[in-house]
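[1] Below are the sequence and a predicted model; questions follow.
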Amino acid sequence: MTLSQLINELIRYGIDKKLLSKLDYNYVANRLIAIYNEKKFEKLDVKPRDIHSILADLAKFAYDKGIIESNDVVTFDNFKAKLMDELLPKPSEVIRVFKDYYNISPKHATNYLYDLAINSNYIQAKRNSQNESWSGLTKYGLLELTINLAKPEKDPKLIALQKSISYGYPKCHLCVENEGYTGHIGYDSKANMRIIPITLNGENWRFQYSPYAYYPEHSIVLNEEHVPMVIDDNTFIKLIDFLDLFPHYFVGSNAGLTIVGGSILSHEHFQAGNYKFPIESAKEVFIGKYKSVSISRLIWPMSTIRISSDNKLELIDYTSRVLNQWREYKNKDLLIINSNDEIHNTITPIARKNDNIYTLDLILRNNYTNDEYPDGVFHVHPKYYNLKKENLGLIEAMGLGVLPPRLKQEFKLLEEILKGNHSLMNNPAIQVHKEWLETLQADYNHNYEVTKFIREEAVKVFEKILECAGVFKQDSTGIKHFEEFIKNTINMK
Ligand SMILES: [Zn+2]
């Protein structure tokens, strides 16, 4: 195909998706040919293919013509983002339209921004659809797993190269300076991202979508300043302010400490979205009341206090009590080690609003390490590293385990072995699963569908993994100490 044909396809796609107006046709076409150092353009009547095919051909064209010097996945993705950015309105225009929709309803506004994020290929729907997800029943209710195949696979050389190149701009992948930045081989671009300014607790924050979409309308809420993650009294105010702006979304924060926090500790942010996570359906055991605030503990692998009230001030007042008492709590017998010199205790909070009732789940966390568990006493224990080594962040704590991409291939090998192909036993990729494989082989019934069997067994392991992170275990001793802690926060004896 000629460059003119491809550019016509791209622009017609953009008009169909309402990214740009017909009035912008010539203007955008001329800007696009300039990227290719092309001197002429022919307007053609073409029917656009899907956006992934159009962009793939446009990126290859640029590579063949020497416009981009490398055909690695980062350079190609960055170039595609730059092309899409040419089709999009400037940030101020997106903000204006978002506000117009917001005046109709918050849901209209988020629908607009979400559609824009998908149609602009910022959320790569095709790539994300490769994620494999399933759920399984446990004693805590349904738990969910997903093998994350949405992030492009980078070969190790490219990863090493990326680490070696840094201009220190933007400071991190969450910073507001990413908007429109075309990136380079050492930095993934988000040129086609658009973000919305919002105010939380009087501070300037921004709202955007996550390109990886681990769940529906997966959004990121970030501080306009590059300041570190923190859980303090203000966090709860900010979460509740967010719910008042977008009551149809949940919002939660990762903890601000290593091991129990998420992958980015350097920039304060929350995650939000339009999804009911397994934790929301967890059974509650009512403990008592603090003013208007109703307080329960959840029957959930990670120690969670659920509180609800229609009174924001009393709710925030109580969350401060929990946070401050938890930051001082220690219990040697339960290995909850904590000291004033180095605070190991923090909270992973999640907030939701239904009608006028706010509900918060406060998940108690501790990041202490010892000789037996150098990666964390309340972290995934090493015997489960075959499935997951990474931190149990907010998303896992809510009952959705995000598993590494390697497992797609490894599960296939395990399936083959269970079906009787024993020659695969020495495959290097299987070695991490040796112990697990023995249990799988012992329990597998050949009449049962093998893919389903492995997936269900993986859910059982995920249940155990979450239990590792529970500071108060779900046994009589753990529950006794957990309830004592909660009663102390409400001055109940
Ligand atoms: Zn940053």
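    Perfect, I can see it now. Numbers count the residues shown, from 1 in each chain.
[2] what packs against the longest helix anywhere in the chain?
    Ranked by number of residues, the top helix in the chain under DSSP state H is helix 450-468. Here helix 450-468 is seen to pack against strand 132-138, strand 141-147, helix 394-397, strand 400-403, helix 406-418, helix 434-443 when contacts are counted using 3 or more CB pairs under 8 Å, 6 or more residues apart in numbering; DSSP states H and E. For the C-beta atoms, the positions are set from N, CA and C on the backbone; glycine is no exception.
[3] would you turn those into TSV with mean neighbour count and mean pLDDT?
    Shown next, in TSV, are the helices and strands packed on helix 450-468 (neighbours: other CB atoms under 10 Å; pLDDT from 0 to 100):
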stretch	mean neighbour count	mean pLDDT
strand 132-138	16	97
strand 141-147	19	97
helix 394-397	23	97
strand 400-403	22	96
helix 406-418	18	96
helix 434-443	13	96
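[4] Which one of those lies nearest to the ion?
    helix 394-397 (18.0 Å; CB to the ion).
[5] Contacts for that closest one, please.
    Here helix 394-397 makes contact (CB atoms under 8 Å, 6 or more residues apart in numbering) with 214-215, 252-254, 262, 271, 277, 279, 302, 348, 350, 363, 402, 465-466, 469.
[6] Is residue 353 in a helix, a strand, or coil?
    Under DSSP: H, G, I helix; E, B strand; the rest coil, residue 353 falls in the strand class.
[7] Burial check on it, number of neighbours?
    Counted by other CB atoms under 10 Å, the residues lying close to residue 353 total 20.
[8] Which helix or strand contains residue 365?
    strand 357-366 (DSSP states H and E).
[9] returning to that earlier point: can you list the helices and strands packed on helix 450-468 in a markdown table and add distance to the ion?
    Formatted as a markdown table, the helices and strands packed on helix 450-468 follow (distance: least, CB to the ion, whole Å):
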| stretch | distance to the ion |
| --- | --- |
| strand 132-138 | 29 |
| strand 141-147 | 26 |
| helix 394-397 | 18 |
| strand 400-403 | 22 |
| helix 406-418 | 29 |
| helix 434-443 | 38 |
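[10] that older thread, now the angle from the longest helix of the chain to helix 406-418?
    Here helix 450-468 points in a direction 130 degrees away from that of helix 406-418 (axes from the mean of the first three to the mean of the last three CA atoms, to 10 degrees).
[11] which helices and strands does the helix or strand just after helix 450-468 pack with?
    Next along the chain after helix 450-468, taking DSSP H and E as the criterion, comes helix 476-489. Packing partners of helix 476-489 (3+ CB pairs under 8 Å, 6+ apart): strand 284-290, strand 293-298, helix 312-328.
[12] so which of those comes closest to the ion?
    Using CB to the ion, those put helix 312-328 closest to the ion, at 24.5 Å.
[13] I'd like the average pLDDT over the closest one.
    Averaged over helix 312-328, pLDDT sits at 97.
[14] Run through who's touching that helix.
    Contacts of helix 312-328 (CB under 8 Å, 6+ apart): 231-233, 236-237, 240, 290-293, 295, 305, 307-309, 338, 343, 345-347, 349, 358, 360, 362, 364, 485, 488-490.
[15] Recalculate using a threshold of 7 Å.
    Under the contact criterion CB atoms under 7 Å, 6 or more residues apart in numbering, helix 312-328 has outside partners 231, 233, 236-237, 240, 290-293, 305, 307, 309, 343, 345, 347, 358, 360, 362, 364, 488-489.
[16] Repeat that for stretch 207-221.
    Against stretch 207-221 from outside (CB under 7 Å, 6+ apart): 110, 113-114, 117, 122-124, 128, 146, 150-151, 174, 193, 195-196, 198, 205, 242, 249, 251, 269-275, 395, 400, 402.
[17] which of these count as buried?
    Neighbour-count burial (16 or more other CB atoms under 10 Å) applied to the contacts of stretch 207-221 gives 110, 113-114, 117, 122-124, 128, 146, 150, 174, 193, 195-196, 198, 205, 242, 249, 251, 269-275, 395, 400, 402.
[18] Now do the residue of the stretch 1-150 of the chain found nearest the ion: how many residues are near it, please.
    Residue nearest to the ion within the stretch 1-150 of the chain: residue 91 (17.4 Å; CB to the ion). Residue 91: 16 surrounding residues under other CB under 10 Å.
[19] cool, the one 10 residues further on as well?
    Around residue 101 there are 16 other residues, counting by other CB under 10 Å.
[20] That one in helix, strand or coil?
    Going by three-state DSSP: residue 101 is helix.
[21] quick one: residue 484 and the ion, what's the gap?
    As judged by CB to the ion, to the nearest Å, residue 484 and the ion stand 40 Å apart.
[22] thinking again about what came up before, in helices, which of the buried ones among the contacts of stretch 207-221 fall?
    Among these, the residues falling in helices (DSSP H) are 110, 113, 114, 117, 128, 242, 395.
[23] Parallel or antiparallel, which strands does the strand holding residue 365 pair with?
    Strand 357-366 has its sheet partners listed here by DSSP bridges as strand 304-309 (antiparallel), strand 345-354 (antiparallel).
[24] where in this structure is pLDDT low?
    Counting by pLDDT under 70, the ranges of the chain that qualify are 492-493.
[25] list the contacts for residue 351?
    So residue 351 contacts 239, 240, 243, 250, 251, 252, 358, 360 (CB under 7 Å, 6+ apart).
[26] Residue 329 is in contact with residue 485, correct?
    Yes. The pair residue 485 and residue 329 passes the contact test of CB atoms under 7 Å, sitting 6.4 Å apart.
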